[in-house]
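Student: Any chance you can model this:
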Amino acid sequence: MSGQHFTEPADYGTTPRDPSMPEFVTVYEVGARDGLQNESTLVPVDVKVEFIRRLLAAGLPAVEATSFVHPLRVPQLADADEVATALSDILPTHRLPMLVPNVRGLERALDAGAREIAVFLSATESFAKENLGTDLAGQRVMTEQVIAALPAAMSVRGYVSMCWGDPWEGAVAPAVVVELVRYMLDLGMREVSLGDTIGVASPTRVEELLTMLGGAGVPMSALAVHFHDTYGQALANTVAALRCGVSIVDSSAGGLGGCPFARSATGNLATEDLVWMLDGMGVRTGVDVHEVIRTSAWLSAVMKRPLVSRTATALAAAIAEDDDRREH
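Tutor: Just a heads-up that it's a prediction; the model follows:
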């Protein structure tokens, strides 16, 4: 190996943690579900399962495993039952939430051994119709039916889509999101993730919404943020959210992602970019950024597509060279 590779944020210097930042951030990994759902080439079950196991081995505390949507709606996730069954040995010991749109999806998830589910609602009428095939009132009925059918004490995560903007309706009023989040928490959801589905949020607008949520009595500990990087704002928006008191951030290994029902939605915030930034800011995550990069590089090779994460792109070759040197 020629020269020296710098592959740790500390090699370039870290600054003391800003007291406005949390000491610890929970990284909620969505690559296996939200990341893969928009891929046009079907990913085999064994690859999905290996992807999930590798992500858990990298220290990610929660990996959303799949979604029990209708197979015709999202063909990439038609194998949800098989994926869940292949993970049965680790379902009792790891946090592997599974997304369900309705009671039928919940029944399939429970039959497959799910121990935690996620549900989703839209802040806009247009996306509710595109994503769930119903209106704003109808999506609440579907959600309430799912909650009523849950086994006792089963954990539920909620998503709100289109929190800052919608490709059909434009900007979304913060008050609409505040009311929807309050509704979801009142139903007993563990946490609610605020989705910037098409990536149009800015740090100022993120702060505005979170301030309004706090003013409405929503604890920041009950919120997560889910940013797409359409305009390169995901990291900046994340920092704004963390400084408001949020400490749960959704991300996708390799920056995979998009939404098949919102053509403006591009990739998610990359897990590697998020962890690299937080490591450099003195914020703990418990996630090994090198292992996430190895996982993304492996998946990139399997899927024959380039890495999207800037951190993975910058470090994958150096990490592979170091690994090869150690092996030989």
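Student: ok, which stretches of the stretch 51-200 of the chain are helices?
Tutor: Using DSSP state H, counting those that start in this stretch, the helices found in the stretch 51-200 of the chain span residues 80-86, 103-111, 125-132, 136-149, 174-186.
Student: Check the closest residue to S247 other than its chain neighbours and give its pLDDT.
Tutor: Distances taken as CB to CB, 6 or more residues apart in numbering place P22 nearest to S247, at 4.2 Å, with adjacent residues excluded. Heads up, the C-betas are built off the backbone N, CA and C, glycines and all. Here the pLDDT value assigned to P22 is 97.
Student: what does E321 give?
Tutor: Taking E321 on its own, its pLDDT is 85.
Student: burial measure for it, as a count.
Tutor: Other residues lying near E321 total 13 when counted by other CB atoms under 10 Å.
Student: pLDDT weak spots in this protein?
Tutor: Across the chain, the ranges flagged by pLDDT under 70 are 1-5, 258-266, 328.
Student: One more pass at 50, please.
Tutor: By pLDDT under 50, the low-scoring segments of the chain are 1-2, 260-262, 264-265.
Student: all strands of it, in order?
Tutor: For the chain, the strands defined by DSSP state E occupy 26-29, 62-63, 66-67, 98-99, 116-122, 155-161, 165-166, 170-171, 191-196, 223-227, 248-251.
Student: In CSV: those, plus distance to L210.
Tutor: Listed next are these as CSV, based on distance: least, CB to CB, whole Å:
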stretch, distance to L210
strand 26-29, 17
strand 62-63, 21
strand 66-67, 27
strand 98-99, 24
strand 116-122, 18
strand 155-161, 13
strand 165-166, 16
strand 170-171, 17
strand 191-196, 8
strand 223-227, 7
strand 248-251, 13
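Student: Mean neighbour count for the ones you listed - can I get that in JSON lines?
Tutor: Below are the strands of the chain laid out as JSON lines (neighbours: other CB atoms under 10 Å):
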{"stretch": "strand 26-29", "mean neighbour count": "24"}
{"stretch": "strand 62-63", "mean neighbour count": "24"}
{"stretch": "strand 66-67", "mean neighbour count": "28"}
{"stretch": "strand 98-99", "mean neighbour count": "26"}
{"stretch": "strand 116-122", "mean neighbour count": "23"}
{"stretch": "strand 155-161", "mean neighbour count": "23"}
{"stretch": "strand 165-166", "mean neighbour count": "21"}
{"stretch": "strand 170-171", "mean neighbour count": "10"}
{"stretch": "strand 191-196", "mean neighbour count": "26"}
{"stretch": "strand 223-227", "mean neighbour count": "25"}
{"stretch": "strand 248-251", "mean neighbour count": "28"}
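Student: Looking at those, which is nearest to G138?
Tutor: Nearest of these to G138, taken as CB to CB: strand 116-122 at 10.5 Å.
Student: Stretch 29-39: end-to-end distance?
Tutor: Stretch 29-39 has an end-to-end distance of 17 Å (criterion: CA to CA, to the nearest Å).
Student: How much space separates S221 from T271?
Tutor: Using CB to CB, to the nearest Å, S221 is found at 22 Å from T271.
Student: cool, G13 as well?
Tutor: With CB to CB as the criterion, G13 and T271 are 23 Å apart.
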